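Chemist: After the sequence you'll find the predicted model.
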Amino acid sequence: MSLKQSSQRSERKAGQFVLPGERLAVIEEFAPDAGTYVKEGVIHSAVVGQVSFDTQNKRVSVHSLIHEALVPKVGSTVLGQVTSVQSENASVRIFKVADKVISGAFSGVLHVSDVQPDYVESMFDVCQPGDVIRATVISEKNQAYHLSTKDKNLGVVYAFCSRCGYMLELKRQGMHCPRCGKIERRKMVLDYGKAMF
Ligand SMILES: [Zn+2]
């Protein structure tokens with residue numbers, strides 16, 4: 001196969017949707033870039049996405065369609081539901097990244113030292129299971145997302161009474177359950193109860 005024939009073949013594929021493992025080009029022809037890997041001189045796609053051939057610089061890359069939109073990253077603002085609370089940590093099931101609902105299951109952890117700039121004694125004063133929180137991702141390792149709520153816009157967006165499950169209302173004395181009268185503590189956002197999700 002001549003070089004001319006193989007480049008024509010590559011160009012036909014530009015913009016095409018490719019799957020992981022799909023052959024894209026040979027290394028004599030293109031250099032592997034983001035979203036690709038090389039095996040025995042052949043460049044393959046490493047992700048689900050759209051292939052692009054930079055003919056000027058002779059580079060081939062695959063722009064991932066899934067990862068960009070659906071995976072939380074360091075710096076992302078996320079919404080999640082608190083699944084469990086211990087004195088130093090809360091576990092969070094992340095269901096929204098930026099404004100996009102995600103389909104995968106991503107777990108986040110909020111540590112008591114990342115709740116607010118000043119000292120917090122216990123996570124039980126911050127959130128309770130079932131609450132919805134808004135947080136930013138501060139680190140990620142092996143798909144474990146460490147969260148922070150150190151901002152006025154971050155914290156509990158919706159809180160539910162730990163006794164009866166009713167949504168708590170923000171009153172001067174704290175978070176108040178309109179059904180059973182219980183007063184609870186939270187680290188809530190400024191727009192508590194008004195956020196859309
Ligand atoms: Zn209640």
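Modeler: Right, received. Where do you want to start? Bear in mind that the values here come from a model prediction, so they are computed numbers and not experimental data. Numbers count the residues shown, from 1 in each chain.

Chemist: Based on its surroundings, how many neighbours for the nearest residue to V189 once chain neighbours are set aside?
Modeler: Spatial nearest neighbour of V189, excluding adjacent residues (CB to CB, 6 or more residues apart in numbering): G155 at 4.7 Å. Where you see a C-beta, it was placed from the backbone N, CA and C, and this is true even at glycine. Taking other CB atoms under 10 Å as the neighbour definition, G155 ends up with a count of 24.

Chemist: Quick one: residues contacting the closest residue to Q86 other than its chain neighbours.
Modeler: Nearest non-adjacent residue to Q86, counting by CB to CB, 6+ apart: M123, 6.4 Å away. Residues in contact with M123, defined by CB atoms under 8 Å, 6 or more residues apart in numbering, are V85, Q86, S87, E88, N89, A90, L110, V112, V115.

Chemist: Next up, the contacts around the residue nearest to V189.
Modeler: Contact analysis of G155 by CB under 8 Å, 6+ apart lists V115, Q116, V126, C127, I133, R134, A135, T149, R186, K187, M188, V189.

Chemist: Now name the helix or strand holding the one residue sitting closest to the centre of the chain.
Modeler: Taking CA atoms, centre = their mean, the centroid of the chain lies closest to P72, which sits 1.6 Å from it. Under the criterion DSSP states H and E, no helix or strand holds P72.

Chemist: Select the helix or strand of this protein having the lowest average pLDDT value.
Modeler: Every helix and strand in the chain was compared by mean pLDDT, DSSP states H and E; the lowest is helix 3-13, with a mean of 48.

Chemist: And stretch 14-23, how far out from the chain middle?
Modeler: For stretch 14-23, the gap between its own C-alpha mean and the chain's C-alpha mean amounts to 25 Å (CA atoms, centre = their mean, to the nearest Å).

Chemist: Could you do stretch 92-107 as well?
Modeler: Centre-to-centre, stretch 92-107 and its host chain are 6 Å apart (CA atoms, centre = their mean).

Chemist: First-to-last residue distance for it?
Modeler: The first residue of stretch 92-107 is 6 Å away from its last residue (CA to CA, to the nearest Å).

Chemist: Any chance you could list what contacts that stretch?
Modeler: Residues outside stretch 92-107 that contact it (CB under 8 Å, 6+ apart) are 69-72, 76-83, 91, 108-110, 133, 135, 143-145, 147, 197.

Chemist: Cheers, nothing more for now.
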